[in-house]
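Chemist: My questions are about this predicted structure, shown below with the sequence.
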Amino acid sequence: MTAALETPPVRTPAPAPARRRRFPVGRFLAYAVLVFFALVYVYPFVIQVVTSFKTNSDATNSPLSLLPDPVTTAAFGRLFDTDFALWGFNSVWVSLLVTLGRVFLCSLAGYALARLRFRGRSALFTAVLAVMAVPSVVLLIPKFLVLNQLGIYDTPVALFLPLVADAAGVFIMKQFFESVPASIEEAARIDGAGTFRIFWSVVLPMARPALITLTILSFQASWNELPHFIVASQDRDLYTLTKGVATLTTGQLGSGNQFPLTLGAALLMTLPVAVVFFVFQRYFVAGANEGAVKG
Amino acid sequence: MTAAPAPAGGLRTRPLRGSGAPGASRAGQGRAGWAFATPQAVLIGLFVLIPILMAFWVSLTDWRGRGSPFSGSVGFVGFDNYAAILTEPGLARQDFMTALRNNAWYVLLVVPLQTAIALGLALVLNSRIRAKGFFRTAFYFPTVTSSVAISLVFIFLFTGGGAVNALLGVFGIDGPNWFSDSRGLLHLVGDGLGLWDSANPPAALTSGGPAGLTWWDWLSGPSIALAALILLVVWTSAGGYMLMFLAALQDVPADVREAAVMDGANRWQRFRAVTLPALRPTLFLVTTLGLIGTWQVFDQVYLISQGNPAKTTLTPAYLSYTSAFEVGQWGRAAAMSFVLFAIIVVLTTLQRFLMRDKDAAAERKAARAAARRRTSTTFFHADR
């Protein structure tokens, strides 16, 4: 990141000298704006990384310095004296189950809405759209009520099952399946393949890009989820990373100046999503435009 | 969601359907259709639709969180809970109105700021620029990280002796104690201009006002603490909206732009006459999503300020949460959720009405076409 930062403003592109002479001021301003915002966006992350290797007093006394003095991993050591590993474990299995569940069930439902004729299909699709329009924060209290009523509040099931319910994913998959020509399925059908077989071995392999996009969106959403975990459980053994790390500042542990500890925790919990982001970046870009429908 | 593409997609399937599967039996398809759709439909019903109905019932009762809200011992109180937070003078209404005031200021600042920054960055990135990918990634990255991680970073940056104040100190500015400063920005601006003295506010404003708060309270502006949250959220979300603008800018017809250049239009004229009209649907989408998102602010308040200082970062979503889970006023808390829901619906409808113009119908059609193109192409060839 920092390496790339240095390149843009200094070297002016060689080609098109005529155009350069026409808009040198505009060009300069554009780079000035971009570099300013890049600093504003990158610097906090740099400070975060650096500070997690500082001592508490160093972090408090020289918050701007980019050189830890001394360099120490003490904060990470203290972090693993907390339940951090347990939170991480919970986040992993919850995110995996939510992602698997969403991808499989949304593809099934999306395929049915796009391709299969059945009574009540358009009503079902209208319901999907209506559900997508419900602001999620309005659902906090309702979700607790239903978990409580079903007797699964404060159980592992309460952590992941409600998050599998996802109307936006159904919408994304339906849109994709409609863009695929139906002729291949027809050929398979004439060969005598059943509907599920056609779906599983003909349609799904073709849907790879959409499946990857949905996988990434689901993983990111469940990994970063906070409000649902707040209302779905209170048992300390069921804390996920978001909820657990939140207690480092809001709970009893939230003692004043442990900035290296909290920033180290924030750093570690960001890593998985960051890796996925940099590997599958183009799918994130796609998802941002597609996910626009969800909000 | 209110976005236009959805119904278009729905309509479009119908002609396809007839030709969909000539060989298959109708009954077989019907069974398969329900079998495929049922698991997700049941989950959505169980965890979205039924909960909403249950919460509406709870909002009409005096349930205090013990036992089942559907048992006979729970009292039905009609719309009393709604009255308590909307019309009856008292602490409940005062808190709810304070939360609404805070959130309104928050929306008023976040939505224009994040939209303007997103649009500005997209326009600059859409010109001939080196290292485009790096800049795009840098601006977008905060959007994919968790609110918890970002909030922790901002707590450190904005703490009294933190990085932001150290930076301000370099320029000789004595920064405030951000997250514990409850002074309203408009009050401070008025002080600075000599309009009034906050320590001794004008009686005309403090003597009365609508819904249990004085005019002085309503017009405080966001507190310094809330302003810090506003900066955080604008910083986090602008990148995501920038991507939407970038995608839309690819749809601006190049031939029209070239024609405008030939006609001697300058940059500003080209922007007004060619680019901006093409961006209208996206502008609409971004402000709608912004409105919906900003009225729901919860995570950052829960993580950073818990409504403090002096209730100036209290928001309806957070107040609803604490009223239920900490105070045990479930009926009142559920009522707050529904009022918040109504506010979001009314404001997005109002915004849709305000942002339409004479040829709105034609534009909606164009937007729908563009959205359809986008779902079938951009989505799966994302590198553009």
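Modeler: Yep, it's here.
Chemist: so where's the chain uncertain?
Modeler: Using chain A. Within chain A, the segments meeting pLDDT under 70 span A:1-23, A:250-257, A:285-295.
Chemist: Chain B, not that one
Modeler: B:1-26, B:357-384.
Chemist: phi, psi of residue B:200?
Modeler: Dihedral angles of residue B:200 (phi, psi; degrees, to the nearest 10) stand at phi -140, psi 70.
Chemist: Give me the neighbour count for the closest residue to chain A within the stretch 51-200 of chain B.
Modeler: Of all residues in the stretch 51-200 of chain B, the one sitting closest to chain A is residue B:51 (3.2 Å; Cβ to the nearest Cβ). All C-beta atoms are positioned from the backbone trio N, CA, C, and that covers glycine. Residues within reach of residue B:51, counting by other Cβ atoms under 10 Å in any protein chain shown, total 24.
Chemist: same thing with residue B:88?
Modeler: Using other Cβ under 10 Å as the criterion, the residues surrounding residue B:88 number 12.
Chemist: Wasn't it part of a strand?
Modeler: No. Looking at residue B:88 with DSSP: H, G, I helix; E, B strand; the rest coil, it is coil, so not inside a strand.
Chemist: still on that earlier bit, look up how far residue A:165 lies from the residue of the stretch 51-200 of chain B closest to chain A.
Modeler: 10 Å (Cβ to Cβ, to the nearest Å).
Chemist: Distance of the residue positioned nearest the centre of chain B relative to residue B:245?
Modeler: Centroid-nearest residue in chain B: residue B:293, 1.9 Å away (criterion: Cα atoms, centre = their mean). From residue B:293 over to residue B:245 the distance is 16 Å, taken as Cβ to Cβ.
Chemist: What of residue A:40?
Modeler: To residue B:245, residue A:40 is 18 Å away according to Cβ to Cβ.
Chemist: More neighbours: those two, which one.
Modeler: residue B:245 (22 against 12).
Chemist: So residue B:114 is in contact with residue B:289, correct?
Modeler: No. Using Cβ atoms under 8 Å, residue B:114 makes no contact with residue B:289, being 10.0 Å away.
Chemist: what's near enough to touch the closest residue to residue A:280 other than its chain neighbours?
Modeler: Among residues not flanking residue A:280 along the chain, residue A:216 sits closest, at 5.4 Å (Cβ to Cβ, 6 or more residues apart in numbering or on different chains). The contact partners of residue A:216, by Cβ atoms under 8 Å, 6 or more residues apart in numbering or on different chains, come to A:276, A:280, A:283, A:284, A:287.
Chemist: hang on, isn't the fourth one packed against residue A:277?
Modeler: Which is residue A:284. Yes. Residue A:284 is within contact range of residue A:277, at 5.9 Å (criterion: Cβ under 8 Å).
Chemist: and the stretch 201-350 of chain B, which residues reach chain A?
Modeler: For the stretch 201-350 of chain B, the residues in contact with chain A (Cβ under 8 Å from any Cβ of the partner chain) are B:235, B:239-240, B:243-244, B:247, B:267, B:285, B:288-289, B:292-293, B:295-296, B:298-299, B:302-304, B:306, B:317, B:320-321, B:324-325, B:330, B:333-334, B:337-338, B:340-341, B:344.
Chemist: now those residues: which count as buried?
Modeler: With burial judged by 16 or more other Cβ atoms under 10 Å in any protein chain shown, the buried subset of those is B:235, B:239-240, B:243-244, B:247, B:285, B:288-289, B:292-293, B:295-296, B:298-299, B:302-304, B:317, B:320-321, B:324-325, B:330, B:333-334, B:337-338, B:340-341, B:344.
Chemist: what's the spacing between the helix or strand hosting residue A:268 and its chain's center?
Modeler: In this assignment (DSSP states H and E), residue A:268 forms part of helix A:259-279. Here helix A:259-279 is found 12 Å from its chain centre; the criterion is Cα atoms, centre = their mean, to the nearest Å.
Chemist: Remind me what that helix packs against, helices and strands.
Modeler: For helix A:259-279, the packing partners by 3 or more Cβ pairs under 8 Å, 6 or more residues apart in numbering or on different chains; DSSP states H and E come out as helix A:24-51, helix A:56-61, helix A:74-79, helix A:84-115, helix A:208-224, helix A:241-250, helix B:132-144, helix B:147-158.
Chemist: quick one, it and helix A:208-224 angle?
Modeler: On the basis of axes from the mean of the first three to the mean of the last three Cα atoms, to 10 degrees, helix A:259-279 is oriented at 170 degrees to helix A:208-224.
Chemist: With that, I have no additional questions.
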